[in-house]
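Novice: I'll drop the sequence and a predicted model, then ask my questions.
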Amino acid sequence: MGDENIDKQMLQELDERIQTIKRAALELQEYSGGIQAVYRNADRILASVKMLEINVSDVLDVL
Amino acid sequence: MPKVRGADVYWNPITETLPRDKLMELQLRKFQRLVGWAYEHSKFHRQLYKDAGLEPDDIKTWEDIRRVPKVEKSMMRQIQRKDPFPYGDMLCVPLERVTEFHQTSGTTGQPVYQADTWQDWEWWSEAWSYIMYAQGFRDKDRVFLPFGYNIFVAYWAGHYAGEKMGCEVVPGGVLDTEARILKMQELRTTALMATPTYVLGMADTARRMGIDPAKDLQVERILCAGEPGASIPATKQRMEEAWGAKVHDHVGATEIGAWAYECTAQPGGLHVNEALFLTELEDVGTGEPITEPGRRGKLIITALDRMGQPCIRFDSKDVTEWAEEPCPCGRTFRVIKGGIVGRADDITKVKGVLLAPSAIEEVVRSFPELGDEFEVEVTKKGDIDAITLKVELRPEAEGQRESVEPRLVEQLRLKTNLRYNLEFHDYGTLPRFVLKAKRFKDLRPH
């Protein structure tokens, strides 16, 4: 990877935490009961989670 | 945990220093995923691929990517204004998921509408964060954005990326140029984003107000877009001298996203953000792929993670070439040499000679006696093309026309192989532009 400090294990640890946030945000939506203040803010979290996946999780797939 | 090496240099050292074989594997996987998504969710794409006899599973290697039909801007114009209104059936999500509308400026015809979901809008600002971090923007920066905040995507994503990066963003929307300059002076803004035309125009206005941008303002870096000027050495030098700031270029488009950027190493070109985009260079005439440096072609671009209204093998018509060497900054993303040198439909034959308008700009801007504005007109008299270049002498160069004219004729001949009718206009009389300048006019009957 051109940098000894970034390795697959580090990305795996990051990805585990990303997936934890994703599960929590999806659960929030599921349990929102239609409350927009919950559902929409969870939606924004999921958009940010997607950026984390692009930057970390997707790369893990090719290492 | 200790800071990862490279975290101070790259927005994302994970992707920006990824070995090229891994990067290409990542791009192929994302491309496969995107084509499958579009096939499943967009009637337009499904039909396009079926007509080409292609199923998403057919894409197994990099060579297979070229089997996917290209999308032209004219195709987008044909489907829009129909259901789902106004985007047409290129849309891959229900309309309720769309949170952003933008459109192209329409300088080459009917505007194209672009839908983005909130996730896509996050992606836009992510792409801009790669750019801004590579150009030295940090959370200590106070960034001034002197643009109209309207239906054109322009610097909207720069605003959001600035916020994401922790910069302090100053929206200079509905202010005139004088008010913007005064606000920048008052707030001691450290960074600016604008088209090269407007960067030079602001400097000119500031000087007329008795303000020297290089001495009286604190701008350290300028991020340019919208025109090739910041990759044209003479224009970049003019801007850097006028503002006493580093000037960096980037390239983007409404339909594509912000896909290439100059880094602080300034290798004479722009990095393609290959973590988010797949770019293919192909011969303008034959369509054959160009992988080697030094040969110009046009770019076909895919935005790998934009899902609402996807951009898959879009014919950008941007002309460039691959650079020879990797960049000393350490990024593994490929570099396009000299940025975008023109558009395939701008590079036109005049008197049988291929002419890129950027070559004229490079010559004009290398003459300190000439003002920043110029205009080129191509006409036809009988069977013969004529090309007229209109320029302005700066006030301080008044009376130097006789010295400038022969040198200008000679440089134009050397750089473009053409002879020009030169017109010298009074300073301040040629049109001034706030966003993209339209300086090249082909008035020949077609």
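Specialist: Right, received. Where do you want to start?
Novice: what residues does the nearest residue to B:D345 once chain neighbours are set aside make contact with?
Specialist: Distances taken as CB to CB, 6 or more residues apart in numbering or on different chains put B:K317 closest to B:D345, at 5.6 Å, once the chain neighbours are dropped. C-betas here are computed from N, CA, C, even on glycine. Residues counted as contacts of B:K317 (CB atoms under 8 Å, 6 or more residues apart in numbering or on different chains) are B:298, B:343-345.
Novice: for B:A275, see how far away B:K317 is.
Specialist: Distance, B:K317 to B:A275, by CB to CB, to the nearest Å: 24 Å.
Novice: can you check A:N5 too?
Specialist: Here the criterion is CB to CB. By it, A:N5 lies 19 Å from B:A275.
Novice: neighbour count for the two, which is higher?
Specialist: When neighbours are counted by other CB atoms under 10 Å in any protein chain shown, B:A275 comes out ahead of the other of A:N5 and B:A275, with 26 against 14.
Novice: what pLDDT is listed against the nearest residue to that one once chain neighbours are set aside?
Specialist: Counting by CB to CB, 6+ apart, the nearest residue to B:A275 once its immediate chain neighbours are dropped is B:T15, at 3.7 Å. In the prediction, the pLDDT value recorded for B:T15 is 97.
Novice: kindly list the longest helix within chain A.
Specialist: helix A:8-30 (DSSP state H).
Novice: which of the three states applies to B:D305?
Specialist: Taking DSSP: H, G, I helix; E, B strand; the rest coil as the rule, one finds B:D305 in the coil state.
Novice: pretty sure it sits against A:I54.
Specialist: Yes: judged on CB atoms under 8 Å, B:D305 makes contact with A:I54 at a distance of 5.4 Å.
Novice: common neighbours of these two, please.
Specialist: Where contact means CB under 8 Å, 6+ apart, the residues bridging B:D305 and A:I54 through contact with each are B:123, B:276.
Novice: how about the residues of chain A by chain B?
Specialist: A:1-6, A:10-11, A:43-44, A:46-48, A:50-51, A:54-56, A:58-59, A:61-63 (CB under 8 Å from any CB of the partner chain).
Novice: what's around B:G352, how many residues?
Specialist: Using other CB under 10 Å as the criterion, B:G352 is surrounded by 8 other residues.
Novice: would you list the phi and psi of it?
Specialist: Backbone torsions for B:G352, taken as degrees, to the nearest 10, come to phi 80, psi 0.
Novice: returning to what we had before: for chain A, state which of the contacts of B:K317 is nearest.
Specialist: Sorting those by how near they are to chain A, with CB to the nearest CB, puts B:K298 at the top with 26.8 Å.
Novice: residues near the closest one, how many?
Specialist: As a burial measure, B:K298 scores 23 neighbours (other CB under 10 Å).
Novice: I'd guess it is in a strand, am I close?
Specialist: Yes: secondary structure assignment places B:K298 in a strand (three-state DSSP).
Novice: shouldn't it be in contact with B:F314?
Specialist: No: look at B:K298 against B:F314 with CB under 8 Å: they stay out of range, at 11.1 Å.
Novice: are any of the contacts of B:K317 buried, and which?
Specialist: If you count burial by 16 or more other CB atoms under 10 Å in any protein chain shown, the buried members of the contacts of B:K317 come out as B:298, B:343-344.
Novice: just send these back as JSON lines, with distance to chain A and pLDDT too.
Specialist: Supplementary listing: the buried ones among the contacts of B:K317 in JSON lines, determined by distance: CB to the nearest CB, whole Å; pLDDT from 0 to 100:
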{"residue": "B:K298", "distance to chain A": "27", "pLDDT": "95"}
{"residue": "B:R343", "distance to chain A": "29", "pLDDT": "78"}
{"residue": "B:A344", "distance to chain A": "30", "pLDDT": "79"}
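Novice: which other helices and strands contact the longest helix that chain B contains?
Specialist: If each helix of chain B is counted by residues according to DSSP H, the longest one is helix B:20-41. With contacts defined as 3 or more CB pairs under 8 Å, 6 or more residues apart in numbering or on different chains; DSSP states H and E, helix B:20-41 has these neighbours: helix A:58-60, helix B:43-51, helix B:62-65, strand B:277-282.
Novice: so what touches the shortest one?
Specialist: By CB under 8 Å, 6+ apart, the list of residues contacting helix A:58-60 from outside reads A:8, A:11-12, A:15, B:14-15, B:18, B:22, B:26, B:29-30.
Novice: at 7 Å what do you get?
Specialist: With CB atoms under 7 Å, 6 or more residues apart in numbering or on different chains as the test, helix A:58-60 has contacts from A:11-12, A:15, B:14-15, B:18, B:26, B:30.
Novice: returning to that earlier point: give me the phi and psi for the residue nearest to B:D345.
Specialist: phi 60, psi 10.
Novice: before we move on, the earlier item: contact partners of the longest helix of chain B?
Specialist: Looking at helix B:20-41 with CB under 7 Å, 6+ apart, the contacting residues turn out to be A:58-59, A:61-63, B:45-46, B:49, B:56, B:59, B:62, B:65, B:68, B:92, B:274, B:278, B:302, B:304-305, B:307, B:310, B:312, B:332.
Novice: state the mean pLDDT of the helix or strand harbouring B:M76.
Specialist: Remark: B:M76 resides in helix B:73-79, with elements defined by DSSP states H and E. Confidence over helix B:73-79 (mean pLDDT, whole number) is 90.
Novice: correct me if wrong, but B:A115 is in a helix.
Specialist: No: residue state for B:A115 (three-state DSSP) corresponds to strand; a helix is not indicated.
Novice: list the contacts of it.
Specialist: Here B:A115 is in contact with B:87, B:91, B:98, B:101, B:308-309 (CB under 7 Å, 6+ apart).
Novice: quick check: PyMOL command selecting the buried ones in those.
Specialist: The following PyMOL command selects only the buried members of the contacts of B:A115, with burial defined by 16+ other CB under 10 Å:
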select buried, chain B and resi 87+91+98+308+309
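Novice: before we move on, the earlier item: check what pLDDT the residue nearest to B:D345 gets.
Specialist: For B:K317, the model assigns a pLDDT of 91.
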